[in-house]
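A.B. asks: Pasting a predicted model and its sequence here:
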Amino acid sequence: MINLFKKLTDGDFKNGAIARILAREFWTSGKAPTFAEFAKALVIANKKGLGVGEGKQPEAAWLTDRARNKAGTDWKATRKRKAKEVLEVLSSV
């Protein structure tokens with residue numbers, strides 16, 4: 001199935017947070033997409049980011065950090081510190 005999604009997305013398929021969130025959205029809306037429909041929606045979601053980083057899917061950031069063994073016991077404080085550092089850099093540009 002993963003190979004099929006890779007083929008349908010021209011090699012862009014990743015079995016990650018966006019694919020899982022998209023699958024959950026289809027599931028909770030009661031829709032059962034075909035493989036091609038899911039692949040097309042996934043390509044669009046990857047381009048849009050599916051709201052990741054905009055507060056719409058905050059669990060995606062945690063899942064990414066967890067997969068990289070960076071989601072420690074005080075994960076929220078770490079994310080706030082990183083966000084503050086980024087904002088400081090952006091404000092100096």
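C.D. replies: The structure has been received and is ready for your questions.
A.B. asks: For the protein, which helix or strand comes out least confident on mean pLDDT?
C.D. replies: Taking mean pLDDT, DSSP states H and E as the measure, the chain has helix 58-67 as its least confident helix or strand, at a mean of 72.
A.B. asks: what's the distance between that helix and the middle of its chain?
C.D. replies: Mean-position distance between helix 58-67 and its chain equals 8 Å (CA atoms, centre = their mean, to the nearest Å).
A.B. asks: what is the mean pLDDT for the next helix or strand after that helix?
C.D. replies: Of the helices and strands lying after helix 58-67 in sequence (DSSP states H and E), the nearest is helix 75-91. The pLDDT scores in helix 75-91 average 83.
A.B. asks: can I have helix 75-91 written out in PDB, keeping just the CAs?
C.D. replies: The C-alpha coordinates for helix 75-91 follow below in PDB (Å, rounded to 0.1, in the frame of the first residue of the first chain):
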ATOM      1  CA  TRP A  75       7.800  19.400  25.800                       C
ATOM      2  CA  LYS A  76       5.600  22.500  25.900                       C
ATOM      3  CA  ALA A  77       8.300  24.600  27.500                       C
ATOM      4  CA  THR A  78      10.800  23.400  24.900                       C
ATOM      5  CA  ARG A  79       8.400  24.400  22.100                       C
ATOM      6  CA  LYS A  80       7.800  27.800  23.600                       C
ATOM      7  CA  ARG A  81      11.500  28.400  24.000                       C
ATOM      8  CA  LYS A  82      12.100  27.400  20.300                       C
ATOM      9  CA  ALA A  83       9.200  29.700  19.200                       C
ATOM     10  CA  LYS A  84      10.600  32.600  21.200                       C
ATOM     11  CA  GLU A  85      14.000  32.100  19.600                       C
ATOM     12  CA  VAL A  86      12.500  32.100  16.100                       C
ATOM     13  CA  LEU A  87      10.500  35.200  16.800                       C
ATOM     14  CA  GLU A  88      13.700  37.000  18.000                       C
ATOM     15  CA  VAL A  89      15.500  36.100  14.800                       C
ATOM     16  CA  LEU A  90      12.600  37.200  12.700                       C
ATOM     17  CA  SER A  91      12.300  40.500  14.500                       C
END
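A.B. asks: Please enumerate residues in contact with that helix?
C.D. replies: The contact list for helix 75-91 (CB atoms under 8 Å, 6 or more residues apart in numbering) reads 61-62, 65, 70, 72. Heads up, the C-betas are built off the backbone N, CA and C, glycines and all.
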